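J.: Fold the following, please.
(2 chains)
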Amino acid sequence: MTPEATDTPRLVTSTASIVEVNDLAKSFGDLTVLDGVSTSFGVGRITAVVGPNAAGRSTLIKTILGLVRPERGRIIVNGHVVARDWDYRRGIGYMPQAGHFPENLTGREVLSMLKHLRGPSAELDEELLDAFALRSELGKQIRTLSGGTRQKLNAVIAFLFRPPLLILDEPTAGLDPVASGIIKDKIFRSREAGASILLTSHIMSEIEQLADSVVFLLEGRIQFDGPRLELQRLTGQQDVERAIAALMQGGLS
Amino acid sequence: MKSAGKILRYQLRDVIRGRWIVAYTVLFLLATDLLFRFGGSGDRVILSLMNVVLLLVPLVSIIFGTMYLYRAREFIVMLLAQPVDRTSLFLGLYGGMALPLAGGYVLGVGLPFLWHPGGEVGPALGVLLLTGVMLTCAFIALAFLVAVLFEDRAKGFGVAVLVWLLAAVVYDGVVLLVVTTWWRYPLERPLLALTMLNPIDLGRVLLLLQFDIAALMGYTGAVFQRFFGTWLGLTVAFGALALWTTLPFFLGLRRFRLKDF
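T.: Model (predicted):
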């Protein structure tokens, strides 16, 4: 049984977008990382940003988060122009590739630090705390926790404030199959609740399971941007892995 | 700016629970206590402590400062993805490092003066404590500047150690060279200016002037005493030392605000 049978990807291209990226350019020294990238991420959709290493995936994500300042171009997140403003990040839940927290704080303290920084908010989403059975670990200092446990804490934080936009960088990396299944379910449930999700992954089968849309970056340029099924149809391939491979070999020109 | 206090609160907790901050405090505690047991009077203890303080405080501050910021790097990214402005974050991180280090120093050096009979608290102890605190602040600001400027950790550590070497060792050599080369000329004013350009030298002069031995520094010493001995001199010297904190701090902050993470 293919995952589509249970979670049908959304085919409708919604007109509303949560993130709009316009002519984004960034280079580090001589290296051009983003070269005029324009795209938009639909509300209530799961969009996967894929591409080989150094294709500009993480730079694109980091410019949306305001961590990297682009040389050119404009980004609008949820109606806010990303420039000097920082309050728009209230609407974003970010899960970086690995969880790094102050070593001598407990998990509970890390959570309360983030709650303090966000200020009073509506009901928190602590579903993952229970799903990961993490509550018993919260009293321990971070340095005693395993990499997997830190990564789970990382996931809890991303979903905690019920943000309308979730940015998940390799959400299942370093997690066991049970935990990664929990995250995937959570991603679907968040979409049902109206959140928009932006994720990266190296695992093509995961993108096949999760993504409604795919943005494929190669050498700082967008090579494909559209519904995932469209990608498979255009390249005439059965699965995402082969479709992406076809794209990398210039199969779409 | 409103988030700075919240970040500071948790960073403080993290740093204070670290083992090295305890070790740093205990080191000063032991050194001061032992000096009392061997030496005796408070003045002599302060004089002996002076060189330890002038070398160790800047070294530890700049090394731990750079290490702290490099190690916090991924957490900084995590915090910057929250609704937090970069100025608040930089302030919170700086305070989280400077307060425990300065506090550990003051406790370590100050406490033995309370329980040893010879340790009457005079202006010399005040100057020693204040100088140490200001050197801590200055070298953590320098450490943050280095860590923000150099992406590569190994390079950053190298530069940090180099900065310390320059201020603690090389600078005096250069001053000596200047004096021996141009000994025919009146050098008091240029030397006064040169002293202002090095925080460690500033600390040393400020401390030496608390004792009668300033006269041992010869004619230049007399000039220093005439200048630094007055209220104006003290104010200028402490002002220059404070500038060594604010200047690197704001340069680091400016870079931090524009940096790509």
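
J.: hey, let's count contacts and neighbours off CA atoms from now on
T.: Noted.

J.: residues from the stretch 101-250 of chain A in reach of chain B?
T.: Within the stretch 101-250 of chain A, the positions near chain B by C-alpha under 8 Å from any C-alpha of the partner chain are A:101-105, A:109, A:113, A:116-118.

J.: Residues touching stretch A:189-197, excluding its own?
T.: Contacts made with stretch A:189-197 from outside it, assessed by C-alpha atoms under 8 Å, 6 or more residues apart in numbering or on different chains, are listed as A:18, A:41-47, A:163-168, A:187.

J.: Please flag which of these sit within strands.
T.: Secondary structure assignment (DSSP state E) places A:18, A:41-42, A:46-47, A:165-168 from the contacts of stretch A:189-197 within strands.

J.: so B:Leu142 is in which element?
T.: Here B:Leu142 sits within helix B:123-149, counting by DSSP states H and E.

J.: from the chain's centre, how far out does that helix sit?
T.: 2 Å (C-alpha atoms, centre = their mean, to the nearest Å).

J.: Show me what counts as buried in it.
T.: If you call a residue buried by 16 or more other C-alpha atoms under 10 Å in any protein chain shown, then helix B:123-149 has these buried ones: B:124-125, B:127-148.

J.: Give me the neighbour count for residue 246.
T.: Just going to use chain A. Residue crowding around A:Ala246 was assessed by other C-alpha atoms under 10 Å in any protein chain shown; the count is 16.

J.: right idea, wrong chain: chain B
T.: By other C-alpha under 10 Å, the burial measure for B:Thr246, its neighbour count, is 16.

J.: My reading is that it lies in a helix. Confirm?
T.: Yes. Using DSSP: H, G, I helix; E, B strand; the rest coil, the assignment for B:Thr246 is a helix.

J.: can you pull the contacts of A:Gly91?
T.: The neighbourhood of A:Gly91, defined by C-alpha under 8 Å, 6+ apart, consists of A:78, A:163-165.

J.: got a list of what the closest residue in space to A:Pro96 that isn't next to it in sequence touches?
T.: Take A:Pro96 and drop its neighbours on the chain: the residue closest to it by C-alpha to C-alpha, 6 or more residues apart in numbering or on different chains is A:Asp169, 5.2 Å away. When the contact criterion is C-alpha under 8 Å, 6+ apart, the partners of A:Asp169 are A:58, A:94-97, A:199-201.

J.: re the thing from before, most widely separated two among the contacts of A:Gly91?
T.: Using C-alpha to C-alpha, the contacts of A:Gly91 reach their maximum pairwise distance at A:Asn78 and A:Pro163, which is 11.0 Å.

J.: ok, the closest residue to chain B within chain A - how many residues close by?
T.: Taking C-alpha to the nearest C-alpha, chain B has its nearest neighbour within chain A at A:Val68, 4.3 Å off. Residue neighbour count, defined by other C-alpha under 10 Å, stands at 18 for A:Val68.

J.: so where does it fall, helix or strand?
T.: Under the assignment given by DSSP H and E, A:Val68 is not contained in any helix or strand.

J.: Quick one: residues contacting the closest residue to it other than its chain neighbours.
T.: Nearest residue to A:Val68, sequence neighbours excluded (C-alpha to C-alpha, 6+ apart): B:Asp260, at 4.3 Å. Counting by C-alpha under 8 Å, 6+ apart, B:Asp260 touches A:67-69.

J.: Return the distance of B:Asp260 relative to B:Arg73.
T.: 12 Å (C-alpha to C-alpha, to the nearest Å).

J.: Just the closest residue of the stretch 151-261 of chain B to chain A, please.
T.: Among the residues of the stretch 151-261 of chain B, B:Asp260 lies nearest to chain A; the distance is 4.3 Å by C-alpha to the nearest C-alpha.

J.: And that residue, how close does it get to B:Leu187?
T.: Here B:Asp260 is placed at a distance of 46 Å from B:Leu187 (C-alpha to C-alpha).

J.: what angle sits between the longest helix seen in chain A and strand A:165-169?
T.: Longest helix in chain A by number of residues, with DSSP state H as the criterion: helix A:177-192. Computed by axes from the mean of the first three to the mean of the last three C-alpha atoms, to 10 degrees, the angle separating helix A:177-192 from strand A:165-169 equals 150 degrees.

J.: what's downstream of helix A:177-192, the next helix or strand?
T.: Using DSSP H and E, the helix or strand that follows helix A:177-192 in sequence is strand A:196-200.

J.: and that following strand, how far out from the chain's middle?
T.: Strand A:196-200 has its C-alpha centroid displaced from the chain centroid by 3 Å (C-alpha atoms, centre = their mean).

J.: so what's residue 75 scoring on pLDDT?
T.: Using chain A here. Reading off the per-residue confidence, A:Ile75 sits at a pLDDT of 91.

J.: That was the other one, I meant chain B.
T.: Taken from the predicted model, the pLDDT recorded for B:Phe75 is 93.

J.: Report the contact partners of it.
T.: Contacts were defined as C-alpha under 8 Å, 6+ apart; by that measure B:Phe75 touches A:100-102.

J.: do you know how far it is from A:Met204?
T.: Here the distance between B:Phe75 and A:Met204 works out to 28 Å (C-alpha to C-alpha).

J.: For the contacts of B:Phe75, point out the one with the lowest pLDDT.
T.: In this model, the minimum pLDDT among these belongs to A:His100 (89).

J.: Surely that one forms part of a strand?
T.: No. Applying three-state DSSP, one finds A:His100 to be coil, outside a strand.

J.: Run a quick neighbour tally on it.
T.: 22.

J.: my read: it touches A:Gly148, true?
T.: No. A:His100 lies out of contact with A:Gly148 (C-alpha atoms under 8 Å); the separation is 11.4 Å.

J.: so what pLDDT did residue 4 get?
T.: Since no chain was named, I'll use chain A. pLDDT for A:Glu4: 41.

J.: not quite, I wanted chain B
T.: Per-residue confidence at B:Ala4 stands at 91 (pLDDT).

J.: In contact with it, which residues?
T.: Counting by C-alpha under 8 Å, 6+ apart, B:Ala4 makes contact with B:87-92.

J.: which bits of chain B sit near chain A?
T.: Near chain A, the residues belonging to chain B are B:3, B:6-7, B:10-11, B:13-15, B:17-18, B:72, B:74-75, B:77-78, B:80-85, B:258-261 when assessed by C-alpha under 8 Å from any C-alpha.

J.: Just the buried ones from those residues?
T.: Burial of the residues of chain B next to chain A was assessed by neighbour count (16+ other C-alpha under 10 Å); the buried members are B:3, B:6-7, B:10-11, B:13-15, B:72, B:74-75, B:77-78, B:80-85, B:260-261.

J.: what about the residue nearest to A:Pro164 when sequence neighbours are not counted, neighbour count?
T.: In space, and not counting its chain neighbours, A:Pro164 is closest to A:Ala195: 4.6 Å by C-alpha to C-alpha, 6+ apart. A:Ala195 sits with 21 neighbouring residues when counted by other C-alpha under 10 Å.

J.: again, but for the one 10 residues further on
T.: When neighbours are defined as other C-alpha under 10 Å, A:Ser205 has 13 of them.

J.: The one 5 residues further on now?
T.: Neighbourhood size, A:Leu210 [other C-alpha under 10 Å]: 25.

J.: thought it was touching A:Ile46?
T.: Yes. At 6.9 Å, A:Leu210 and A:Ile46 qualify as touching, with contact defined as C-alpha under 8 Å.

J.: Would you mind giving the secondary structure of A:Ala54?
T.: Following three-state DSSP, A:Ala54 is assigned to coil.

J.: these two touch, right, it and A:Val33?
T.: Yes. Here A:Ala54 lies in contact with A:Val33, judged by C-alpha under 8 Å, at a distance of 7.3 Å.

J.: out of those two, which sits in the more crowded spot?
T.: A:Val33 (22 against 16).

J.: Who are the contact partners of the residue nearest to B:Ile76 when sequence neighbours are not counted?
T.: If you skip the residues right next to it in sequence, B:Ile76 has B:Leu89 as its closest partner in space, 8.0 Å away by C-alpha to C-alpha, 6+ apart. B:Leu89 makes contact with B:3-4, B:7, B:76, B:79, according to C-alpha under 8 Å, 6+ apart.
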